[in-house]
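sequence and predicted structure are below.
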Amino acid sequence: MKISEKKKERICEQIISLLNSVAPKSLFTFHIAQEIARDEMFIKKLLLELKSKGLIVDMNKNPQGKPYIKRTRWRLKDKVYSYYNHL
């Protein structure tokens, strides 16, 4: 099943909105997929696209500084967060 670009953009907007609502906290890919009710691999693909556009940042280390092996946390870039809060 193929999803149109317009629907992908709308899902990306939902992801950005979700990350903005929990900022400055970061969320794991799994939690984002649960909130949006989509497949985790599909959400990961969209998250990587948003990262390449410079809208979000991935965090590969836990608070103690140890790298995650299979997990990634995501948050909005500071510039994007401040932009959405001034709207």
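Cool, got the structure.

rest of the way, CA atoms for contacts and neighbours
OK.

any idea how far the nearest residue to K44 once chain neighbours are set aside lies from I11?
Spatial nearest neighbour of K44, excluding adjacent residues (C-alpha to C-alpha, 6 or more residues apart in numbering): T29 at 6.5 Å. Using C-alpha to C-alpha, to the nearest Å, one gets 14 Å for the distance from T29 to I11.

ok, back up a step: contact partners for the residue nearest to K44?
Contacts for T29 (C-alpha atoms under 8 Å, 6 or more residues apart in numbering) come out as E40, I43, K44, R71, T72, R73, W74.

in JSON lines, list those residues along with neighbour count, secondary structure and pLDDT.
What follows is the contacts of T29, written out as JSON lines (neighbours: other C-alpha atoms under 10 Å; DSSP: H, G, I helix; E, B strand; the rest coil; pLDDT from 0 to 100):
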{"residue": "E40", "neighbour count": "16", "secondary structure": "helix", "pLDDT": "90"}
{"residue": "I43", "neighbour count": "22", "secondary structure": "helix", "pLDDT": "93"}
{"residue": "K44", "neighbour count": "17", "secondary structure": "helix", "pLDDT": "92"}
{"residue": "R71", "neighbour count": "13", "secondary structure": "coil", "pLDDT": "86"}
{"residue": "T72", "neighbour count": "18", "secondary structure": "coil", "pLDDT": "88"}
{"residue": "R73", "neighbour count": "19", "secondary structure": "strand", "pLDDT": "92"}
{"residue": "W74", "neighbour count": "19", "secondary structure": "strand", "pLDDT": "92"}
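
closest to I3 out of the residues you listed?
Closest to I3 out of the contacts of T29 is I43 (12.6 Å), distances taken as C-alpha to C-alpha.

touching, the closest one and Q34? I think so.
No - I43 is not in contact with Q34 according to C-alpha atoms under 8 Å; the separation is 9.8 Å.

having no further points to raise, I will conclude here.
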